[in-house]
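Participant: Based on what follows, work out the 3D shape:
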Amino acid sequence: MSLDILLKSGTAVLPDLPRLPRGGPVYDLTAIVNHHGTLDGGHYTAFAKDDGRWFKFNDAMVHEVDPERHLVTKDA
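Facilitator: You can find the predicted model right below:
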């Protein structure tokens, strides 16, 4: 059954993703992109890490943020 048919029926069944073995690859998080709005429109913001410091990008504004307070949001 195609994904289009599954989505039209209101049910999406995706295949199981492979599991990484214990001790598998470890990556350093360097950026997060957030979307605020709906599928029809909205606004993007981002957080990025540079030299150990985190910054928030919102259009032309960039400012440093405390990662403990700002990185985990409902929009991520």
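
Participant: Please, where are all the helices along this protein?
Facilitator: Counting by DSSP state H, the chain has helices at residues 3-8, 67-70.

Participant: can you map out the strands along this protein?
Facilitator: 31-38, 41-50, 53-58, 61-65 (DSSP state E).

Participant: before we move on, back to that, of the helices of the chain, which shows the lowest average pLDDT?
Facilitator: Note on the helices of the chain: lowest mean pLDDT is at helix 3-8, with a mean of 49.

Participant: Out of the strands of the chain, which gets nearest to D16?
Facilitator: Nearest to D16 among the strands of the chain is strand 31-38; the distance by C-beta to C-beta comes to 25.8 Å. To be clear about C-beta, it is placed using only N, CA and C from the backbone, and glycine gets the same treatment.

Participant: where does the protein dip in pLDDT?
Facilitator: For the chain, the stretches with pLDDT under 70 are 1-15, 17, 20, 75-76.

Participant: cutoff 90 now
Facilitator: 1-29, 34-39, 60, 68-76 (pLDDT under 90).

Participant: now the strands of the chain in a markdown table, with mean neighbour count and distance to P25?
Facilitator: Below are the strands of the chain laid out as a markdown table (neighbours: other C-beta atoms under 10 Å; distance: least, C-beta to C-beta, whole Å):
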| stretch | mean neighbour count | distance to P25 |
| --- | --- | --- |
| strand 31-38 | 13 | 18 |
| strand 41-50 | 13 | 18 |
| strand 53-58 | 15 | 22 |
| strand 61-65 | 10 | 27 |
